[in-house]
Structure formats: structure tokens, C-alpha cells
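Asks: How does the following fold in three dimensions:
(2 chains)
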Amino acid sequence: MAELRLDGVVKRYGRTVALDGMSFEVGDGEFFCLLGPSSAGKTTTLRAIAGLEPLQAGSIAFAGREVTGAPVQGRGMAMIFQTFALYPHLSVRQNLAYPLARDGKARDEVRRRVDEVAELLRVGHTLERRPATLSGGEQQRVAIGRAIVRRPKLLLLDEPLTNLDAKLRHDMRTEFKRLHRELGMTMLYATPDQLEALTMAERVAVIRDGRVVQTAPPRDLYARPDSTYTAGMVGAPMMNLIQGRVRHAKGGATIELPFGALDAARWGDGLRAGDEVILGIRPHDVRLGSDPHALSLRAGVRLTEPLGDVTVLDLAARGAPLKMVLREEVASRLKEGGEVEVSFRPQDAHLFHKETGVRIG
Amino acid sequence: MAATSPDLRADAGAAPANGGFLGWFLAPERRGALLVTPALAVLFIMNIFPLLWSFGLSFFNFRANRQGVPDFVGLRFYERVLTDDDVWQRFQTTAVIVGSSVVLQLIIGFLLALMFAKEFPLRRILLMLVLTPMMLSFVSVGVFFKFYYEPTFGLVSWVVNHFTDERFVMLATPAGAIAGIVVADAWMWSPFVMLLVLAGLVSVPRYLYEAAEIDRASWWRRFSTITFPYIKSLLLLAVLFRTIETFKLFDVVYIITSGGPGTSTETIAVYVYRMAFQFFRTSQASALAYIVLFVVIVLTSLYLYAVRRRAEEVS
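Replies: Purely as a prediction, here's the structure:
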């Protein structure tokens, strides 16, 4: 049963449309991710769910209850803000105890819960300090602690890692996964970073201009993006998107690309001659060397970007840019300005309509 | 160029071609001092000299309406002033007026700030109107309120007379007179407190209130844990600044009651004035003025301390 359900939620600020019929469902105990670039409406969605934004249309149901228009306090959710929003004049202990005050719990009970959460998040040594004296990572963990201390049924996370450095982000990703497993609460996580979405979420909703364009588990999202939008958003380095045109020849349909023709038998009858298409191929699926069952081409090496274990190669084939990823040992033998023979197979390629960006087949 | 008008830097060492006294006098190394001199002269003549002179006078037996060479009397006037029951009486009156007025200003200023912290129609125009009293001169405020309290045609008496048959004379009783002064002073300066509090209120980040709302904090808890810490130091500034200013209150009192009835509204400032310019006990007035100055200096150091603390908190 869906724990949280958004149905056609519309939010406008003046003439700007922030949410344009946002709909999705999150299951009980699920780790659900909203993925989209900035100003796609992720934050507004979370704020609407929390009750901080009045809506123009649509409904929000939570735990089997309609909450549209209900006051913020009664919703039984907690939220982690991008800015952490710790109370600057209270100690870490008081910050952590803050959400418990309303429940009228005994002092011992509050103390015990705070200590428990502080230990879980490893901020026990900071309890008597003010938030401003903590490092970014510690502040982040206190913010998480304050959100989970009263064991909300739903935790809303608004880009919680954006303000942290790269190393800390990596650690915190693991931390969030661990917390989700240990606490078993429903988590709704907004992020512009595809890596965070892919590594943590059980399901991801890709957001564009205030609406969901695709919802899928990370693996499927990566393997079968619905549109060029999702294809460009998920996976790093970004998928190569190459313009082409469908052509019927004697041997069957092919897709004419700037650097050759790819056998289009895989897509069957769906293609009409003359259709403008965009072919997507992941840099990881471009191989070195030629292959009789694949499209082989010669390409110039424009730039190399060593990432340590692998290197991203920036190629150009007849003017069309193409990226590929190679293991470092292999890539180190290639020189910028040289030429390589590469190939990719039809079964690795993704095909989209040029005009609509929608996936074919 | 150099032939017709001398380079500004060239005349630094040697005298310029058109030299002479003026050239020497206006040399660049003297220009800074020259520009500052008029201001310093005014400051010295109008402030520093009278200050030192009156300080000296307070050790002599001098009366401004008598001729002759005054005797040196040492600290006798200080002793007399400090042991004078009348003086302590005036200090008490002043304390009552300061205390009630500052508290009233805080309450009204605070409520106004809470009101103006939110957006509403006509907010800017209303804000301007509310700030007007602060910009009026003391004399006009004094005259306004004198007319309000006027027993025959004043607004206050007119309203009260609708409810009672007795003639109501606001300034006839000591309590009424003090209340009259307090109301006038508070009316004038509540906007100032409001401005300070408003500055504190708008510096509170919105997301803190949102976080508190999600954390289910009550209105009072949001106020005490988020809002109040942000305006605390500004409130302290307001209290100290208004205390210092009200302590020196003269014009409004002088115009509305002239210290009456009897001496029941005679503040320390009015008392100093009367001692100096009605009874011509110039030296004794100087001694008292210096004691008042001492009190104000103590309050001011507290004020400056509070300012510094606020500056540290903000940075």
C-alpha cells in the first residue's frame, strides 16, 4: 500500500509554475529519490508534502489520510533542510530534544532518546556545544538526528549533501543507507546528483519542470531511460547522444549516423524511412577495436581525462563528438591527437525520437 | 602646465614660484591639519571649554549673577549636593519616569515590531506614520501633549468628561502629571524601539521557523528559542539607549509641567536647570551636573559594551 501519494499537485508562484501536476507514490518503508536539476521542483515538492506550501490544485495523502491543507504540525513527518536549519542559540542536545518537547515525555525519557540518537549518529561528544562550533559533517548528522529523534513515519530530505565536501558526501551516502536499514522509515530524498540517487534509492523519480517524467528502480533507469532527458541525467560520464536518420536499404533498416550506418533490425518495423532520431550510447559501451557485428569507426582522440582507475576519452568521429571510458592501462597507451578504431553494438544502443525525445523500442 | 600652475607635489619641498607666506601656509603637509582645524575649534569652543570651565567652577563658590572673585571651596558643593534630600528626591522622580517610560516604550515598540514584521497592505505608509513622532522636535511634542492635557479644551479632559461629571485635570495630581510625561515620552520614542526590534526580527532566517513548525513547536516555544535570542542583544541596546536619553529628559517636562505640581515631576535635568538659571547657584549646579554626567558615563559604557557584544554575535 502506498504510504505517500501525490496526485496532480500544482503549485504556482505568481506566474511561475513550480509544480505542474506532480504525481507519484511512495511505498511504506521505501527509500525514494526525486532526481532533477535545480529549479525542477524537488524542493517545492518536499515543502508541499511537509505542508509548508499551500497548493493551487491536486491532493496529497499520507498514511491513508488526506493531508492536503492540513497544518504542518500534525503530519507526523520530519524534514532535513539543505541549510540544516539547526537552532543556532541552542546546544546540540537541546536541538536534538527540540521535536520531543511537544510529546510531554519525562525528562529521563527525553535524555535517553537523545543519547541514543547521538550515539547512532556519532555526535555524542558534541552534545553540549553550539551548532556553529561543529564541522559541516557534524552539523549534518545533528540535523539528521533531530529529524529522526521522534521516529517520524516519513523523512523528507532536501539535498542534504549539497553543502558538504566530496569525501563527506561519500561517507554520508553510506550513512543514509545504513540509517534507512536500521530505522526502516520511509525516506523521500531530493537531489540533483544522479550518483546519490543511483547509490541510495530503491526507486527514483526523474523530475522535469514540476512533473515526473520517469519512475523506476535505479538499475532500470540506467538500463532503459524513457527519454533523452533521463538518459542525459542518469549515468556518468553522460550518455553520448548522436543525431541520425532512418534509412531503408536492401539489407533492412539502418540508422545513418555522421560516422557510419548502424543496423536497425533490432527496432523492427517501428521505424519509418526518413525519421529523425537520436541514438544514445553509453561511454562504457563503446569498445576499442573493430567488431563485425557492430558499427566500427575511426575516431580522433581529442582529450583524455584520467580518473585514476579509468580514463574518459573525448573522441571526434567525422565531426561528431563521442565519449568512451577505458581502463587506465589501456588508455595510457593512447595519445591525444592520435586515432583509434572503436565500435559499439546495436543491442547497447538506445534510440529516441528526435522531436519528442521519447524512447523507441 | 608646470609653468602656469605649479604641480601640487612640486611645492612640497621648496617654496613655489608665487611662494611667500601663503605658499608656506598652504603647503600639502599642512593641508590636513588646516581642514580639520575649524571643526576642532568649534568643538573646543562649544563643548570642551565649557565642560572644563564648569568642572573648574564646581570647586569654587561662584554665582553667575554676582561679581567678584570666587573663593576656592574644594569638594564642598559635591558634599552638599550628595547629602541634599531634595537631590535624592529628584533622582527618585527621574527614576520613576525613566523606569515607566522605558518599559512602556519596550512593550509598545515590541508589539509594533511584531506587527510590522509581516507584510500587509499599506505597511509602508503606516510604518512611515508610526515613525513620525521620533522625527519631531521635543518642543513640538511637548506642546502637543500640553494641549491634549489642557483641562478646558484638551482632548483627554474632553473624553473623560463624557464619563464623569467632575472636571478632569490630568496634570493636577503628581501621579497624573508623571503619567502625562511618561505617555508623551513613550509616544515619541516607542518607534525607535520598534526599529531596533524590527531589525532583529527580519534577521531571523525563515527556514528556522519552518523547521520549528515541522518539529511541532508551539508559538511561545518558537518565540523563546528562535526569535528572542535573535533580538535579545538589540533589546538590551534599546533599553540602555532609551534609559540614557530619558535620564536627561528636560524639554518635554519643562513644557508640559515645568516640574509641577509642586516639584512632583521635577526631573534631575529640570532641577539642574532651575538651580543654575533660576537660583543662580552656578557652582552647585555644576557639581550636580557632573554627578549626572558620571551616571550617564556609566550607563554609556554599559551601552557600548552591549554594542560590542552584539557586533560579535552578528559576525
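
Asks: from here on, contacts and neighbour counts on C-alpha atoms
Replies: Noted.

Asks: What segments of the stretch 151-300 of chain A are helices?
Replies: Listed in chain order, the helices of the stretch 151-300 of chain A (DSSP state H, counting those that start in this stretch) span residues A:166-183, A:194-200, A:218-223, A:228-233.

Asks: I'd like to know which of the ones you listed is closest to A:Glu30.
Replies: Nearest to A:Glu30, of all the helices of the stretch 151-300 of chain A, is helix A:166-183, at 8.6 Å by CA to CA.

Asks: just to revisit the earlier point, so which of the helices of the stretch 151-300 of chain A is the most packed in?
Replies: helix A:228-233 (a mean of 21; mean count of other CA atoms under 10 Å in any protein chain shown).

Asks: Can you read off the pLDDT for the nearest residue to A:Gln347 once chain neighbours are set aside?
Replies: The shortest distance from A:Gln347 to any residue that is not its chain neighbour, by CA to CA, 6 or more residues apart in numbering or on different chains, is 7.3 Å, and that residue is A:Arg266. Note on A:Arg266: pLDDT of 83.

Asks: Compute the distance between A:Arg266 and chain B, please.
Replies: When distances are taken as CA to the nearest CA, to the nearest Å, A:Arg266 and chain B turn out to be 52 Å apart.

Asks: What parts of the stretch 151-300 of chain B come near chain A?
Replies: Residues of the stretch 151-300 of chain B that fall close to chain A, judged by CA under 8 Å from any CA of the partner chain: B:207-208, B:210-211, B:213-218, B:225-226, B:229.

Asks: Now that we have those residues, which of them are buried?
Replies: Among these, those scoring as buried are B:208, B:210-211, B:213-217, B:225-226, B:229 (criterion: 16 or more other CA atoms under 10 Å in any protein chain shown).

Asks: so where's the stretch 151-300 of chain B shaky on pLDDT?
Replies: For the stretch 151-300 of chain B, no stretch is flagged by pLDDT under 70.

Asks: Return the subset of the buried ones among the residues of the stretch 151-300 of chain B next to chain A lying in helices.
Replies: For those, the ones inside helices are B:208, B:210-211, B:213-214, B:229, with DSSP state H as the criterion.

Asks: and those residues as TSV, adding distance to A:His248?
Replies: Putting these into TSV (distance: CA to CA, whole Å) gives the following:
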residue	distance to A:His248
B:Leu208	63
B:Glu210	60
B:Ala211	61
B:Glu213	63
B:Ile214	61
B:Pro229	75
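
Asks: Among these, which pair sits farthest apart?
Replies: B:Ile214 and B:Pro229 (19.9 Å).

Asks: what's next to stretch A:353-361, contact-wise?
Replies: The list of residues contacting stretch A:353-361 from outside it, by CA atoms under 8 Å, 6 or more residues apart in numbering or on different chains, reads A:225-229, A:243, A:267, A:270, A:276-278, A:350-352.

Asks: If we use 10 Å, what do you get?
Replies: Contact partners of stretch A:353-361, identified using CA atoms under 10 Å, 6 or more residues apart in numbering or on different chains, comprise A:224-231, A:242-245, A:266-268, A:270-271, A:275-280, A:350-352.

Asks: Mind checking which of those are buried?
Replies: The neighbour-count criterion (16+ other CA under 10 Å) marks A:225-231, A:242-245, A:267, A:271, A:276-280, A:350-352 among the contacts of stretch A:353-361 as buried.

Asks: for whichever strand or helix holds B:Leu299, packing partners?
Replies: Secondary structure here is read from DSSP states H and E; on that basis B:Leu299 sits in helix B:282-314. Packing contacts for helix B:282-314, counted by 3 or more CA pairs under 10 Å, 6 or more residues apart in numbering or on different chains; DSSP states H and E, involve helix B:49-57, strand B:60-61, helix B:76-82, helix B:228-247, helix B:268-277.

Asks: can you rerun that using 6 Å?
Replies: Packing partners of helix B:282-314 (3 or more CA pairs under 6 Å, 6 or more residues apart in numbering or on different chains; DSSP states H and E): helix B:268-277.

Asks: Next, the buried residues of the helix it packs on.
Replies: Along helix B:268-277, these residues count as buried under the neighbour rule (16+ other CA under 10 Å): B:268-276.

Asks: Number of residues surrounding residue 253?
Replies: Let's take chain A. Burial of A:Ala253 is recorded as 22 neighbouring residues (other CA atoms under 10 Å in any protein chain shown).

Asks: wait, I meant chain B there
Replies: B:Val253 is surrounded by 27 other residues when neighbours are defined as other CA under 10 Å.

Asks: Over to A:Ala18?
Replies: Residue neighbour count, defined by other CA under 10 Å, stands at 23 for A:Ala18.

Asks: what helix or strand does it sit in?
Replies: strand A:16-27.

Asks: Ok, B:Pro38 next?
Replies: Secondary-structure element containing B:Pro38, defined by DSSP H and E: helix B:28-43.

Asks: same thing with A:Pro321?
Replies: strand A:320-327.

Asks: average pLDDT across stretch A:326-336?
Replies: Over the span of stretch A:326-336, the pLDDT mean works out to 85.

Asks: Ends of that stretch, what's the gap?
Replies: Distance between the boundary residues of stretch A:326-336 (CA to CA, to the nearest Å) amounts to 14 Å.

Asks: and that stretch, how far from the chain's centre?
Replies: Averaging C-alpha positions (CA atoms, centre = their mean, to the nearest Å) puts stretch A:326-336 30 Å from its chain's average.

Asks: buried ones in that stretch?
Replies: By neighbour count, with 16+ other CA under 10 Å as the criterion, the buried positions of stretch A:326-336 are A:326, A:331.

Asks: Same check on stretch A:240-258?
Replies: In terms of neighbour count (16+ other CA under 10 Å), stretch A:240-258 has its buried residues at A:240-247, A:253-257.

Asks: residues in contact with that stretch?
Replies: Residues external to stretch A:240-258 that are found in contact with it (CA atoms under 6 Å, 6 or more residues apart in numbering or on different chains): A:261-264, A:273-282.

Asks: With stretch A:37-49 instead?
Replies: A:18-19, A:53, A:190, A:192, A:208-210.

Asks: now stretch A:147-159
Replies: Counting by CA under 6 Å, 6+ apart, residues outside stretch A:147-159 touching it are A:76-82, A:185-191.

Asks: Which member of these is positioned nearest chain B?
Replies: Top of the list for closeness to chain B, among the contacts of stretch A:147-159 and by CA to the nearest CA, is A:Ala78 at 6.2 Å.

Asks: how near is A:Arg247 to A:Thr45?
Replies: 44 Å.

Asks: of all the contacts of stretch A:37-49, which two lie farthest apart?
Replies: When those are compared pair by pair using CA to CA, the two farthest from each other are A:Glu53 and A:Pro192, 21.0 Å apart.

Asks: who's in contact with A:Met239?
Replies: A:232, A:281-282.

Asks: 10 Å instead, please
Replies: A:Met239 makes contact with A:228, A:230-233, A:279-285, A:322-324, A:350 under the criterion CA under 10 Å, 6+ apart.

Asks: Repeat that for A:Met200.
Replies: By CA under 10 Å, 6+ apart, the residues touching A:Met200 are A:31-33, A:173-178, A:180, A:189, A:218.
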